[in-house]
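Enquirer: Predicted model and sequence follow; I will ask about them next.
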Amino acid sequence: MENKTQEEASTIKVSSLTCIDLANTNLHQSAASLKQACLDCGFFYVTNHGISEELRDEAFEQSKKFFALPLEEKMKVLRNEKHRGYSPVLDQILDPENQVDGDYKESFFIGIEDFKDDPHGDTPFYSPNLWPDSDVLPGWRSTMEKYHQEALRVCKTIAKLLALALDLEADYFDKPEILGNPIAVMRLVHYEGVSDPSKGIFGCGAHSDFGMMTLLGTDSVMGLQICKDKEAKPRKWEYVPSIKGAYIVNLGDLLERWSNGIFKSTLHRVLGNGQERYSIPFFVEPSHDCLVECLPTCQSENKPPKYPAITCKAYLTQRYQQSHVDLSIYKQI
Ligand code: OGA
Ligand code: NI
């Protein structure tokens with residue numbers, strides 16, 4: 001506990017992250033700043049992304065409406081085994097070593113429905129979405145579908161810069177097996193309560209994201225913190241503020257693996273301060289069957305691949321299972 005107290009005492013700083021202007025036509029310049037940000041900490045902002053403020057506000061408004069429904073109504077769309085639908089408070093525990101219960105957040109998963117390559121519907125993460133009753137929340141589905149489409153478009157633009165930053169062709173990640181048929185999961189999140197790290201209570205425990213990259217929209221309530229050096233003892237946490245009109249982007253563990261550890265996925269967590277906080281992370285991963293093995297530009301004789309190849313679905317299944325409670329517990333309630 002003494003260490004924890006020390007750790008929290010050092011939580012004072014507000015991070016200043018690189019900002020990438022997606023409207024900059026000088027792609028090589030953008031890729032160079034992106035590369036620096038990815039080598040440094042794997043977190044950055046993007047501006048001029050083309051998602052209208054109106055659509056973003058609408059998605060947040062609709063998200064608030066959903067979480068304001070009675071629990072009974074939300075449980076009608078309880079998440080299925082393919083991670084679509086409602087995930088109640090304490091459904092996930094991201095940092096079991098330091099958390100007592102689980103994450104004090106509730107969320108809602110929305111994925112892609114157009115899955116041409118899955119005729120039998122037996123692939124993990126492919127499932128029709130679960131939607132709240134349209135009489136209860138009119139217009140909800142169309143807002144979320146529109147936002148999903150737009151967020152994916154932005155992520156594909158960022159992927160081009162990431163490819164250039166990794167000395168690959170700009171369209172490297174556009175291949176059918178990569179982002180041609182991506183797993184792209186939008187997650188509406190609602191945090192509540194006051195976190196107390198010394199008691200192991202967190203809005204969301206320390207973790208790095210599982211996939212390739214995350215496009216994170218948050219409201220203006222502070223809460224997100226990053227730790228740039230996971231080995232440091234005590235760990236130093238810095239707040240990442242929300243910037244109006246910008247999105248926060250962070251790299252996930254799958255990209256760290258793919259890039260042979262060159263690009264970093266950074267540890268982050270969310271502390272609740274008693275105010276309601278809403279966010280919409282959008283997680284992007286390649287297709288289910290994509291074999292994630294060291295990229296050609298990230299290895300050499302002196303730097304052989306550090307990680308064995310793994311399919312995207314095998315990797316993600318393992319990470320989702322490890323961090324979520326077993327669905328059967330809800331049958332007993
Ligand atoms: C996540 C996450 C941060 C936030 O969902 O993986 O880190 O601000 N969210 O909600
Ligand atoms: Ni995260």
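Expert: Thanks, I have the structure now. All figures in this text were calculated on a predicted structure; none of them were measured in a lab. Ligands and ions are numbered 1, 2, ... in the order given.
Enquirer: residues near whichever residue of the chain sits closest to ligand 1, how many?
Expert: Here the chain gets closest to ligand 1 at one residue, residue 279, 3.3 Å apart by CB to the nearest ligand atom. C-beta: built from backbone N, CA, C; applies to glycine. Residue 279: 25 surrounding residues under other CB atoms under 10 Å.
Enquirer: From residue 216, how far off is it?
Expert: 6 Å (CB to CB, to the nearest Å).
Enquirer: Please apply the same query to residue 68.
Expert: Distance from residue 68 to residue 216, by CB to CB: 22 Å.
Enquirer: So which of the two has more stuff around it?
Expert: A direct count of neighbours by other CB under 10 Å for residue 68 and residue 216 places residue 216 higher, at 23 against 11.
Enquirer: show me the contacts for the closest residue to residue 195 other than its chain neighbours.
Expert: Once flanking residues are discounted, residue 195 sits nearest to residue 271: 4.1 Å by CB to CB, 6 or more residues apart in numbering. By CB atoms under 8 Å, 6 or more residues apart in numbering, the contact set of residue 271 is 195, 197, 202, 203, 223, 225.
Enquirer: What residues does the stretch 151-300 of the chain have near ligand 1?
Expert: Within the stretch 151-300 of the chain, the positions near ligand 1 by CB under 6 Å from any ligand atom are 187, 189, 204, 209, 216, 218, 224, 268, 270, 279, 281.
Enquirer: Just the buried ones from those?
Expert: 187, 189, 204, 209, 216, 218, 224, 268, 270, 279, 281 (16 or more other CB atoms under 10 Å).
Enquirer: part of a strand, is the second one?
Expert: Yes. If the criterion is DSSP: H, G, I helix; E, B strand; the rest coil, then residue 189 is within a strand.
Enquirer: follow-up on the earlier one: beta-bridge partners for the residue of the chain closest to ligand 1, please?
Expert: residue 189, residue 218 (DSSP bridges).
Enquirer: who's in contact with it?
Expert: When contacts are counted by CB under 8 Å, 6+ apart, residue 279 touches 189, 191, 216, 217, 218, 219, 224, 270.
Enquirer: Can you add distance to residue 98 and pLDDT and give the residues of the stretch 151-300 of the chain next to ligand 1 back as a markdown table?
Expert: Formatted as a markdown table, these follow (distance: CB to CB, whole Å; pLDDT from 0 to 100):
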| residue | distance to residue 98 | pLDDT |
| --- | --- | --- |
| 187 | 22 | 98 |
| 189 | 20 | 98 |
| 204 | 12 | 96 |
| 209 | 18 | 96 |
| 216 | 22 | 98 |
| 218 | 22 | 98 |
| 224 | 17 | 97 |
| 268 | 14 | 97 |
| 270 | 13 | 97 |
| 279 | 21 | 98 |
| 281 | 21 | 98 |
